[in-house]
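J.: Sharing a sequence plus its predicted fold:
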Amino acid sequence: MTDGPLYLGFDLSTQQLKAIVIQSDLQVVSDAKVDFDQDFGSKYGIKKGVQLNEVEGEVFAPVAMWLEALDLVLQRLEAKKTPLGRIHGISGSCQQHGSVYWSREAETLLGTLQPDKDLVDQLKGAFSHPFAPNWQDHSTQAECDQFDDKLGSPERLAEVTGSSAHHRFTGTQIMRLGRKIPDMYAATSQVSLVSSFLASLFLGTVAPMDISDVCGMNLWDIPGNNWSEPLLELTAGKGGMAELRSKLGEVRQDGGGSMGCISSYFTARYGFRPDCGIAPFTGDNPATILALPLRPLDVIVSLGTSTTFLMITPVYKPDPSYHFFNHPTTPGQYMFMLCYKNGGLAREKVRDVLPPPPAGSSDPWENFNKYALQMPPLDVASASDRAKLGLYFYLPEIVPNIRAGTWRYTCNPADGTALAEADAPWPVETDARVIIESQALSMRLRSQKLVEAPAGDRSSSSSSSSILPAQPRRIYLVGGGSLNPAIARVMGDVLGGVDGVYKLDVGGNACALGGAYKAVWAFERAPGETFDELIGRRWKEEGAIQKVGDGYRAGIFEQYGNVLGAFGDMEERILKEARNT
Ligand SMILES: Nc1ncnc2c1ncn2[C@@H]1O[C@H](COP(=O)(O)OP(=O)(O)O)[C@@H](O)[C@H]1O
Ligand SMILES: O=C(CO)[C@@H](O)[C@H](O)COP(=O)(O)O
């Protein structure tokens, strides 16, 4: 296919901007990335992609850095001789919940960009606020309390918006910034999510929000398919509802199709075709479920900066302890999500206090993996050993909503009884496996009602009968951490997966790939053709995924089941302690 159409998918996540170019048959032809810390850390004063105001719990990213990153990633694609002139459509995925505040000059500036100057220099006046709150922000407890109360209870808020109140959700963030910097709010013409912000740069006008990503705001009434008026009023204050509604704009209902053609800035500067279409961009988690034809009972665990656990379901069953979103392409389907702040960076913290890998090793995870794999599940080597459980939160966690800290407990491995705080510190080497087990136990605890006992016999490799415990069918690992064999092994040990654990061969690029697949579907779909139908026909398992673990291993999965209740009790105890202090 040397002259067929190409499609471009982006991923604007916490630490990087990635771009991936594919053909209509979904083959990858090129990719490039900008790493914010490596490429311009000192210039923007960021660490791991963000700036912090620790006193107030604020975490935010400079919008100018993203503008600079977009020009740079396109230059890198060009340098790789990517035929940008063959790209027919663009879509993408972006970190969720972040918000960008446009000034009154934004539309004019976006519509008159000159190709001989950089975006960052020309769009200086396009923003009423130079920063976008990041999903790790935890400055909004007071606003969360008001959101949880507004409709009567956190349960009711979850029924309406798919989630109870969360620090990072955009409604609480807008409410806080509007009160903290009222002049900025007044000077804001429109508010974008990170996904609609990136789409806007390509469109040359402010793009509408996406039907899936809008569910990460605590403002969108999912069953009512509209903005929630009481929640808009809470965010903007009495009398401010109409103004806020106009700043948020209409939400685009169709996840596919074209929102318009690419801005002349990109055609003149990078050689894009003038008729290259811009499809709606979505959140990174909704895009991840588009990176492969996901079936019900399949699970994706995304091991990026955050750890997320994703499933699709036709049943809308919200609960305050997890999130429901509209599916990004398929009306009537939903995405179930658990999200943890203490994902990749927490594992790095544990890794960094271990003895360093041997001189000459090119893998910073070598020792972490060695210790994680040599330790038996829960560190129970003999009948007299107690099971070890831990929580490693260097940031306040989302679920459970526990403050930053580290806790180490033990219990009886047979039934989780006699749960108690560990009476002596255990060696740092032990933490390597315990932190992965802890992250996986939390996911298993909260998703157990969504999985079922597998129907029929397992493959011939197993001698066990058809009666297997309820568990996922396949576990797909994506994101940076999916490259790690020890993490894959422990995730499978705890979560099961009757068909095994797989990693996407594009590893850390899954959401960019999901964005590119979304672009293919958006522009090549026949009338009425769903994403699953189109992508399902073109997707070839071979070469796209790789089996990296057995998943369900009889006996081991049950060992973790025995302590699941104790794990929940440990969280409860720590939560109670925090309430009493
Ligand atoms: N071999 C590895 N083992 C474990 N973790 C890894 C490995 N390689 C990368 N990571 C983790 O992946 C994270 C970045 O993943 P990525 O999906 O690119 O993040 P994001 O999309 O949030 O920017 C890093 O925080 C790093 O800890
Ligand atoms: O807050 C959430 C989901 O609710 C995060 O998953 C963000 O969407 C950021 O993701 P990464 O930067 O880790 O990819």
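T.: It's in. Ligands and ions are numbered 1, 2, ... in the order given.
J.: Residue 417 is in contact with residue 386, isn't it?
T.: No: Residue 417 is beyond contact range of residue 386, at 10.5 Å (criterion: C-beta atoms under 8 Å). The way it works is simple: take the backbone N, C-alpha and C, and place the C-beta from them, glycine included.
J.: got a list of what the closest residue to residue 307 other than its chain neighbours touches?
T.: Closest residue in space to residue 307, ignoring its immediate chain neighbours: residue 343 at 3.2 Å, by C-beta to C-beta, 6 or more residues apart in numbering. By C-beta atoms under 8 Å, 6 or more residues apart in numbering, residue 343 lies in contact with 303, 304, 305, 306, 307, 308, 439, 481.
J.: Return the subset of those residues lying in strands.
T.: 303, 307, 308 (DSSP state E).
J.: Let me see the confidence value for the residue of the chain found nearest ligand 1.
T.: Nearest to ligand 1 in the chain, going by C-beta to the nearest ligand atom, is residue 480, at a distance of 2.0 Å. Each residue has a pLDDT score; the one for residue 480 is 90.
J.: Can you report how many residues neighbour it?
T.: By the criterion of other C-beta atoms under 10 Å, residue 480 has 18 neighbours.
J.: Does it touch residue 344 like I think?
T.: Yes: using C-beta under 8 Å, residue 480 makes contact with residue 344 at a distance of 6.1 Å.
J.: Mutual contacts of those two, please.
T.: Common neighbours of residue 480 and residue 344, using C-beta under 8 Å, 6+ apart, are 303, 304.
J.: does stretch 510-527 come close to ligand 1?
T.: No: judged by C-beta under 6 Å from any ligand atom, stretch 510-527 and ligand 1 are separated, with a smallest distance of 7.1 Å.
J.: can I get the CA coordinates of that stretch in PDB?
T.: Extracted C-alpha coordinates of stretch 510-527, given in PDB (Å, rounded to 0.1, in the frame of the first residue of the first chain):
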ATOM      1  CA  ALA A 510      -2.000   1.900  22.900                       C
ATOM      2  CA  CYS A 511      -4.000   5.000  23.300                       C
ATOM      3  CA  ALA A 512      -2.300   6.700  20.300                       C
ATOM      4  CA  LEU A 513      -3.100   3.600  18.400                       C
ATOM      5  CA  GLY A 514      -6.700   3.700  19.600                       C
ATOM      6  CA  GLY A 515      -6.800   7.300  18.400                       C
ATOM      7  CA  ALA A 516      -5.500   6.300  15.000                       C
ATOM      8  CA  TYR A 517      -8.100   3.400  14.700                       C
ATOM      9  CA  LYS A 518     -10.800   5.900  15.600                       C
ATOM     10  CA  ALA A 519      -9.600   8.100  12.700                       C
ATOM     11  CA  VAL A 520      -9.800   5.100  10.300                       C
ATOM     12  CA  TRP A 521     -13.400   4.300  11.500                       C
ATOM     13  CA  ALA A 522     -14.400   8.000  11.500                       C
ATOM     14  CA  PHE A 523     -13.500   8.400   7.800                       C
ATOM     15  CA  GLU A 524     -13.900   5.000   6.300                       C
ATOM     16  CA  ARG A 525     -17.100   3.700   8.000                       C
ATOM     17  CA  ALA A 526     -20.000   2.700   5.800                       C
ATOM     18  CA  PRO A 527     -23.400   4.200   6.900                       C
END
